[in-house]
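Chemist: heads up, no residue letters with this:
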């Protein structure tokens, strides 16, 4: 079909219609203005949907670019102007300032004093693969009841961790202790409604729909089909994809959030479909990660992927943690974060180890991969494979708790099976998973999801 023929036929065959004033469609402009202004204001000041923690994603963008090694002095001046306009309620001026701020990101000079430039960047899977030595795959029996039970437990652990953390994300340890004291279970009635697992479900869908090796483009197109909106790095990637900018450019173009937690929060599913094969899990994580992230952001997804993959064939949590850390290139900045957290854990109590990590990474946004990776290390180390204790510790770390606890729950489930997770964690969640996949509040049957995961692992 020729495009010009289609438009000609549509135009030439259209009967003339005269609309009365009340039926004219200019109301869409007014509705669009409201939606546009709401999204504008949400960038500057919002509350996290699950926990009501305060955040400013646009201030986080400036913060993130400083973490990436750039001199953000000029951007910070524009940020101050925007905050003043926000305080005045001047959305017209704020619209202009927002555009100026994003434009400033394109010309930021390097900060030569940033520690960032002391580390080796890892931009491709081939670069990463040369920097590590993988163990030989040790595959479990993918057809037996034990593997299905571990797959079930990984999903139950993920859902429980997400439900626990959704109410706590965006806060720090001192504030959580002040409010709750010790946290040994849900702080409110739990539910499965969470944005994080939507990306893992899109990944799984792509794996099942693709009869060859799944590609970044395959997964990205499932994002377009299934996920109506996102936040920070994922929203930047969705915006790019909708303009035809495919991976890996979709993860880097106009995306200051490319080393936040968004890739790290979805690594477990890559390990679930590559049980006992960390190299395959890492490759899948890289394939998925570059849709919305780059560099250390992708290494975060690799870390959780290899943790989960190895968990199927390992039983010592501390040994597993050390093995997974060794599969991150030693000269990367991400490895430096993991090494620092592990050193603190080996040298003291959970409280002192986490306090040191919280202090060291305080300049990073609470959604950044680094403080959350450090939290995982501390909670895994001192939790020693016990589900209840690990959930308690990761909850007390604060930061992006749902992303961390969900991934860690999947790792523990893959290692220990359902017998290790008390029913108080999963019984309240039921058999239907509520998501915000396209088709508002779409529910997914848990048993169906478990079956699909087992099927994908067997391919």
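Modeler: Received, thanks. Keep in mind that what you see is a predicted model, and the values were worked out from it rather than measured. Numbering: from 1, shown residues only.
Chemist: Okay, strands next: where are they in this protein?
Modeler: Secondary structure of the chain (DSSP state E): strands located at 46-47, 54-55, 432-434, 443-445.
Chemist: Dump those strands into TSV; add mean pLDDT and mean neighbour count as well.
Modeler: Using the backbone N, CA and C atoms, a C-beta is placed for each residue, glycine as well. As requested, the strands of the chain are arranged in TSV below (pLDDT from 0 to 100; neighbours: other CB atoms under 10 Å):
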stretch	mean pLDDT	mean neighbour count
strand 46-47	94	14
strand 54-55	95	16
strand 432-434	89	16
strand 443-445	90	14
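Chemist: Select, out of these, the one closest to residue 372.
Modeler: strand 54-55 (14.8 Å; CB to CB).
Chemist: tell me what that closest one is packed against?
Modeler: strand 46-47 (3 or more CB pairs under 8 Å, 6 or more residues apart in numbering; DSSP states H and E).
Chemist: Need the residues that contact the strand it packs on.
Modeler: Contacts with strand 46-47, where a contact means CB atoms under 8 Å, 6 or more residues apart in numbering, come from 53, 54, 55, 56, 57.
Chemist: picking up where we left off before, want to throw the strands of the chain into CSV with distance to residue 145?
Modeler: Output for the strands of the chain, formatted as CSV (distance: least, CB to CB, whole Å):
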stretch, distance to residue 145
strand 46-47, 44
strand 54-55, 44
strand 432-434, 22
strand 443-445, 20
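Chemist: Against residue 455, how distant is residue 307?
Modeler: As judged by CB to CB, to the nearest Å, residue 307 and residue 455 stand 22 Å apart.
Chemist: Which of the two has more residues huddled nearby?
Modeler: residue 307 (30 against 14; other CB atoms under 10 Å).
Chemist: Test my guess that the more buried one contacts residue 321.
Modeler: Yes: judged on CB atoms under 8 Å, residue 307 makes contact with residue 321 at a distance of 7.5 Å.
Chemist: which helices and strands sit right next to the helix or strand of the chain with the lowest mean pLDDT?
Modeler: When each helix and strand of the chain is scored by mean pLDDT, DSSP states H and E, helix 27-44 comes last, with a mean of 83. With contacts taken as 3+ CB pairs under 8 Å, 6+ apart, helix 27-44 sits against helix 57-67, helix 73-88, helix 91-104.
Chemist: looking at those, which is buried most?
Modeler: helix 57-67 (a mean of 22; mean count of other CB atoms under 10 Å).
Chemist: which residue packs closest to the most centrally placed residue in the chain, ignoring adjacent ones?
Modeler: Compute the mean C-alpha point of the chain, and by CA atoms, centre = their mean the closest residue is residue 262, 2.2 Å away. Closest residue to residue 262 apart from its sequence neighbours, by CB to CB, 6 or more residues apart in numbering: residue 233 at 4.3 Å.
Chemist: these two touch, right, the one you found and residue 258?
Modeler: Yes: between residue 233 and residue 258 there is a contact under CB under 8 Å: 5.8 Å.
Chemist: where do the helices sit along the stretch 151-300 of the chain?
Modeler: Applying DSSP state H, counting those that start in this stretch to the stretch 151-300 of the chain gives helices spanning 173-180, 196-209, 216-226, 232-242, 249-252, 268-272, 278-289, 296-311.
Chemist: same question for the first one, mean pLDDT?
Modeler: Spelled out, that is helix 173-180. The pLDDT scores in helix 173-180 average 97.
Chemist: Distance-wise, check the residue nearest to the centre of the chain relative to residue 303.
Modeler: Note on residue 262: its distance to residue 303, by CB to CB, is 14 Å.
Chemist: can you check residue 192 too?
Modeler: Between residue 192 and residue 303 the computed distance is 24 Å (CB to CB).
Chemist: ditto for residue 241
Modeler: 25 Å.
Chemist: what does residue 344 give?
Modeler: Using CB to CB, we find residue 344 at a distance of 17 Å from residue 303.
Chemist: what does residue 154 give?
Modeler: Residue 154 is 16 Å from residue 303, by CB to CB.
Chemist: got it, and residue 280?
Modeler: From residue 280 to residue 303 the distance is 15 Å (CB to CB).
Chemist: How many residues are close by residue 165?
Modeler: Neighbours around residue 165, by other CB under 10 Å: 29.
Chemist: give the contact list for it.
Modeler: Residue 165 makes contact with 394, 395, 400, 401, 402, 403, 404, 405, 406, according to CB under 8 Å, 6+ apart.
Chemist: Give me the spatial nearest neighbour of residue 304, chain neighbours excluded.
Modeler: Nearest residue to residue 304, sequence neighbours excluded (CB to CB, 6+ apart): residue 267, at 3.0 Å.
Chemist: Could you double-check that that neighbour lies in contact with residue 301?
Modeler: Yes: in this structure, residue 267 is within contact of residue 301 by CB under 8 Å, at 4.1 Å.
Chemist: Now the common contact residues for these two.
Modeler: Any residue near both residue 267 and residue 301 by CB under 8 Å, 6+ apart counts here, and that gives 285, 289.
Chemist: mean confidence for stretch 319-327?
Modeler: Mean predicted confidence for stretch 319-327 is 98.
Chemist: swap in stretch 420-430?
Modeler: 97.
Chemist: if we can go back for a sec, between the strands of the chain, which gets nearest to residue 206?
Modeler: Closest approach to residue 206 among the strands of the chain (CB to CB): strand 443-445, 15.6 Å.
Chemist: And the contacts of the closest one?
Modeler: 201, 431, 432, 433, 434, 435, 437.
Chemist: partner strands of that strand, parallel or antiparallel?
Modeler: strand 432-434 (antiparallel) (DSSP bridges).
Chemist: Now residue 224. Nearest residue, chain neighbours left out?
Modeler: Nearest residue to residue 224 in three dimensions, chain neighbours excluded: residue 241, at 5.7 Å (CB to CB, 6+ apart).
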